[in-house]
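Participant: structural data only, the sequence is not supplied:
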């Protein structure tokens, strides 16, 4: 749809669930996950919905596709399940060429490895792993080598987001007793708490110019969208209603933030100016809508 909510149209038109679309860096294609077969697979289509192609085809679920910055590769999560009891669920990180060829397993252990995120230059992938018994943020080279633990503590760390220029990673941690937004250098050094309050803060996303971080917080009784400078200062509430507002996403020029709200009785996609003004419902339908993603 257009950024004002007009021209909404069904691209996949499938009787099976399709989920989690992500734009290619050049805006020409969308990758998504679908269970139109017998399990979840990664598919791709042109921006107008044509040329829908299944890229993966195996007995395990393939989910959470993410494009490399140059659009040449797609990293994803393969949820491997053992075929004999006790049926262990073992998600691992894979990468493939953008046409589905050369599918390569990057992580290989009995832990949960998920939510891959490319560095802005495409040379590395950060991801979440519980190989050390609690969830930590790891990083590896794009070929799977040099895997290393960045956060390295006894708390749960996740929901990572690279800064647009690459030297920093924002993430969520409960190491201080509740979920807070932290930031660290991309090598894991200089970890520090940005939000520092008794509420639950999550889903950090950097503005395109790297000067601000939007996030969701329930510090005022329910989840609302906030924004702060990247040093944690000037924390400002952008939404203000009795229902939950979550999953903020910046527009490419930084002038707007899309988000999900159930203020109209079900989950809908909203957009607002970056200062919180002019909030409006884009989707307006009886069913739930979520996970907005801006075209480049």
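Facilitator: The structure has been received and is ready for your questions. Keep in mind that what you see is a predicted model, and the values were worked out from it rather than measured. Numbers count the residues shown, from 1 in each chain.
Participant: rest of the way, CA atoms for contacts and neighbours
Facilitator: Fine.
Participant: list the contacts for residue 120?
Facilitator: 69, 162, 163, 164, 165, 166 (C-alpha atoms under 8 Å, 6 or more residues apart in numbering).
Participant: which ones among those map onto strands?
Facilitator: The strands, defined by DSSP state E, take in residue 162 from the contacts of residue 120.
Participant: what is the most widely separated pair among the contacts of residue 120?
Facilitator: Farthest-apart pair in the contacts of residue 120 is 69 and 163; separation 13.3 Å (C-alpha to C-alpha).
Participant: who has more neighbours out of these two?
Facilitator: Shown here are residue 69 and residue 163; by other C-alpha atoms under 10 Å, residue 163 has more neighbours (25 against 17).
Participant: confidence score at the more buried one?
Facilitator: Reported pLDDT at residue 163 in the predicted model: 97.
Participant: repeat for residue 130
Facilitator: For residue 130, pLDDT reads 93.
Participant: now the contacts of residue 120 as CSV including distance to residue 109?
Facilitator: Below are these laid out as CSV (distance: C-alpha to C-alpha, whole Å):
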residue, distance to residue 109
69, 27
162, 25
163, 28
164, 30
165, 31
166, 27
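Participant: surely residue 192 is in contact with residue 176?
Facilitator: No - between residue 192 and residue 176 there is no contact under C-alpha atoms under 8 Å: 10.9 Å.
Participant: for the stretch 151-296 of the chain, which spans come out with low pLDDT?
Facilitator: 287-291 (pLDDT under 70).
Participant: in this structure residue 42 contacts residue 60, no?
Facilitator: No - the criterion here is C-alpha under 8 Å, and residue 42 misses it with residue 60 at 11.3 Å.
Participant: which one's more surrounded, those two?
Facilitator: residue 42 (26 against 17).
Participant: which SSE is that one in?
Facilitator: Secondary structure assigned from DSSP states H and E places residue 42 in strand 41-46.
Participant: could you do residue 225 as well?
Facilitator: strand 224-229.
Participant: relative to that strand, what are the paired strands and their orientations?
Facilitator: If you go by DSSP bridges, strand 224-229 pairs up with strand 212-217 (antiparallel), strand 236-237 (antiparallel).
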